[in-house]
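Trainee: Turn this into a structure:
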Amino acid sequence: MTTTTILAAIGALILILHTATRIPTALADLLRACLPLLHAVHDVRTALRARPPHTGPGSGTTPAVSDRDLTPRRDDYDG
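Mentor: Residues are numbered from 1 along each chain as shown. Here you go, the predicted model:
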C-alpha cells in the first residue's frame, strides 16, 4: 500500500464516521415528522370505529323508535 492509498482510506473512514454520527439525529427528525401522520391515522381509525351501526333496510336490525315516529300525522285522522 502506498502512502496515498492509506491517506485516502483514512479520509474515507473519517467521512463515513462523520456521516454515521448524523444518522441518529436524522432518524429522530424523521420519526418526529411522522408523528402528526400517526395521530391523524389514529383519529381516523377511532372515528370509523365509533360510527353508529347501520339500521336501515336490509341491515337485519330494527331501527330505534324516535319521538317523531310516535307523533300523530295528519293522515292518521278520519276527519
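Trainee: Helices of the protein, residue ranges please.
Mentor: Per DSSP state H, the chain carries helices over the ranges 3-49, 67-70.
Trainee: and the ones you listed, which one is worst for confidence?
Mentor: Among these, helix 67-70 carries the lowest mean pLDDT, at a mean of 57.
Trainee: before we move on, the earlier item: can you redo the helices of the chain as CSV with mean neighbour count?
Mentor: For the C-beta atoms, the positions are set from N, CA and C on the backbone; glycine is no exception. Listed next are those as CSV, based on neighbours: other C-beta atoms under 10 Å:
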stretch, mean neighbour count
helix 3-49, 10
helix 67-70, 7
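Trainee: Spit out the contact partners of Leu15.
Mentor: Leu15 makes contact with no residue, according to C-beta atoms under 8 Å, 6 or more residues apart in numbering.
Trainee: The chain should start at 53 in everything you say after this.
Mentor: Let's use 53 as the start, then, which means that last one is Leu67.
Trainee: State the distance from it to Ile75.
Mentor: Using C-beta to C-beta, to the nearest Å, Leu67 is found at 13 Å from Ile75.
Trainee: Nothing else from me, thank you.
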